[in-house]
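Engineer: Build me a structure from this.
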Amino acid sequence: MCVKAAEATVRVGKRRVALTHPDKELFPDDAITKAELVDYYRDVARFLLPFLRDRPLVMERYPDGYGGRSFYHKDIPDHFPDWIHHCRVPKQGGTVDMVVCDDTATLAYLANQACLTPHPWLSRTDRLDQPDRLVFDLDPSTADDFETVRWAARELGELLTELGLRPAVMTTGSRGLHLVALLSGRTDFDTARGFARRVADLFAARHPDRLTTAPRKADRGGRLYLDIQRNAYAQTSIAPYAVRARPHAPVATPLAWTELDDPALGPRTWTLRTLPKRLAEGGDPWKGLSRCRRSLTRAARRLDTLEEDDHTARKE
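Structural biologist: Next up, the predicted model:
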């Protein structure tokens, strides 16, 4: 699509979505326009929507482009069309009515609102207090230490698999990697976060020279921080295939586990302009992931055994 007018419309399914200032450059270093952002999200919608559908959404908006002012928009504005789904969720002192992105037209509309990055909840609208995703955030202590992140992702993936989960890995498009494990959605956030904390503590105890669970940077001593803080009520996680507000429009990209062996891999390897070709040529590495939901109760029992075994081994 090449749009030169100050305003235009695009047909998305049965709807027409208005494009305002389609030539506005949201990534001026690469002349990436708002129209191109809309096109990208339309292209990847069938891969992205399963991770957004039926979830409250926080919009990360950059009306002046990625280098300008920005804000996280939680409530749905009054001017949004009535065909966009929304969900009223409890918050301290009241409620907030949040966007729910259930279709490609909504995704295109949000892109036109300069929502570069959608951030979905880890739970669905019908079970807000029961997460069906577990997220481990691995960021390097220094920008040039991505090798430690790749190593940690492999090792943590093996540990989660040993616990009976089926983790998946993706670049964040920013600094590091995320590991995501799909859950059966039958536990609460406190239980899920407690489980994630125990896994992180066990993993760090096995590699105390390389890993830490210390939240304060001053206490990390250059070690990789195992961040599990997203696993809490009303927290969000970066959506797979979402664009990030960084130079060249990098994209959070799902990986095959074997791709961690590539020394050229980085957190921003794929961009808005290169990711569609990757999908066209190689398909979606996370295809079939929805069938990999697992019970946290069973995993917790296996974790009990591993913790006991490690404790016994340290005493010996």
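Engineer: what about Ala218, which SS state?
Structural biologist: Of the three states, Ala218 takes helix under DSSP: H, G, I helix; E, B strand; the rest coil.
Engineer: Which per-residue confidence value corresponds to it?
Structural biologist: For Ala218, the model assigns a pLDDT of 89.
Engineer: since we're on it, how many residues are nearby?
Structural biologist: 6 (other C-beta atoms under 10 Å). For every residue, glycine as well, the C-beta is placed using N, CA and C.
Engineer: What distance do you get for it to Arg210?
Structural biologist: Relative to Arg210, Ala218 is positioned 18 Å away (criterion: C-beta to C-beta, to the nearest Å).
Engineer: And Pro90, by the same measure?
Structural biologist: Here the distance between Pro90 and Arg210 works out to 40 Å (C-beta to C-beta).
Engineer: Arg220 too?
Structural biologist: Counting by C-beta to C-beta, the gap between Arg220 and Arg210 amounts to 11 Å.
Engineer: again, but for Gln92
Structural biologist: Taking C-beta to C-beta as the measure, Gln92 falls 38 Å from Arg210.
Engineer: next one: Asp54
Structural biologist: Separation of Asp54 from Arg210 (C-beta to C-beta) stands at 38 Å.
Engineer: Equivalent analysis for Thr236, please.
Structural biologist: When Thr236 is compared with Arg210 (using C-beta to C-beta), they lie 28 Å apart.
Engineer: and the two? which has more neighbours close in?
Structural biologist: Under the criterion of other C-beta under 10 Å, the comparison of Thr236 against Arg210 puts Thr236 first, with 19 against 15.
Engineer: mind listing the helices for this protein?
Structural biologist: According to DSSP state H, the chain carries its helices in the segments 34-48, 104-112, 146-162, 189-206, 275-282, 296-315.
Engineer: dump the residue contacts of the residue lying closest to Asp75 once chain neighbours are set aside.
Structural biologist: What sits nearest to Asp75 in space, not counting adjacent residues and going by C-beta to C-beta, 6 or more residues apart in numbering, is Val96, at 5.1 Å. Going by C-beta atoms under 8 Å, 6 or more residues apart in numbering, Val96 touches Lys74, Asp75, Arg88, Val89.
Engineer: try 6 Å this time
Structural biologist: Taking C-beta atoms under 6 Å, 6 or more residues apart in numbering as the criterion, Val96 is in contact with Lys74, Asp75, Val89.
Engineer: Out of the residues you listed, which sit inside strands?
Structural biologist: Counted as lying in strands by DSSP state E, out of the contacts of Val96, are Val89.
Engineer: For His178, find the nearest of the helices of the chain.
Structural biologist: Closest approach to His178 among the helices of the chain (C-beta to C-beta): helix 146-162, 8.8 Å.
Engineer: Give the residue spans of the stretch 1-150 of the chain that score low on pLDDT.
Structural biologist: For the stretch 1-150 of the chain, residues meeting the criterion pLDDT under 70 lie at 1-6.
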